[in-house]
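# Take a look and give me a structure for this.
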Amino acid sequence: MTTTVRVDSWLWAVRVYKTRSMATTAARAGHVRVAGDRVKASHPVKIGDEVRVRQNGFDRIVVVNRLVTKRVGASVAAECLIDRTPPPPPREEIALQPTRDRGAGRPTKRERRDLEKLRGREQPEQ
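Numbers count the residues shown, from 1 in each chain. Coordinates of the predicted model:
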């Protein structure tokens, strides 16, 4: 019985990522954290470790409950982790991203300034 498993292998085995290469790529990009620290794909995880995975702009927080190296079924994968991810915010609270109509071209200087003011990134007057 092993006491540690590679983080990319474990994330793939418990079905957080569809492929192991996707898990490796996410770790390389800095989207995987173990105990709050960004880790490489080869970082070992053990039972009780908190793993944070950045997916679709939100953090998914899971705690390692059981170590597996081979991909397992969905029911077994659910037993291997404890999901502590907070529920997503309601749609009303998520700010809508302003979009430009297709083919409208680049924004003018005035439109760009209005967008930055809307986003709260106002430039100081010179």
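# how about stretch 114-124: buried residues?
Within stretch 114-124, no residue counts as buried by 16 or more other Cβ atoms under 10 Å. Yep, even glycine has a C-beta here, placed from its N, CA and C like the rest.
# now the end-to-end length of stretch 25-44.
Stretch 25-44 has an end-to-end distance of 16 Å (Cα to Cα, to the nearest Å).
# now stretch 29-41
Start-to-end, stretch 29-41 (Cα to Cα) is 10 Å.
# Excluding its own residues, what touches it? List them.
Residues lying outside stretch 29-41 but in contact with it, judged by Cβ atoms under 8 Å, 6 or more residues apart in numbering, are 6-8, 11, 23-24, 26-28, 43, 45, 49-55.
# so what's the spatially closest residue to Asp59 that is not a sequence neighbour up against?
Leaving aside its chain neighbours, Asp59 sits nearest to Arg52 (5.1 Å; criterion: Cβ to Cβ, 6 or more residues apart in numbering). Contact analysis of Arg52 by Cβ under 8 Å, 6+ apart lists Val32, Arg33, Val34, Gly36, Asp59, Arg60, Ile61.
# What subset of the contacts of stretch 29-41 is buried?
Counted by 16+ other Cβ under 10 Å, the contacts of stretch 29-41 give 6-8, 11, 23-24, 26-27, 43, 45, 49, 51-53 as buried.
# so where is the chain shaky, pLDDT-wise?
Flagging of the chain using pLDDT under 70 yields the residue ranges 1, 92-98, 122-126.
# can you pull out the helices in it?
Along the chain, counting by DSSP state H, helices occupy 7-13, 20-28, 74-79, 109-119.
# Can you redo these as JSON lines, where the extra columns are distance to Asn65?
Below are these laid out as JSON lines (distance: least, Cβ to Cβ, whole Å):
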{"stretch": "helix 7-13", "distance to Asn65": "11"}
{"stretch": "helix 20-28", "distance to Asn65": "18"}
{"stretch": "helix 74-79", "distance to Asn65": "7"}
{"stretch": "helix 109-119", "distance to Asn65": "41"}
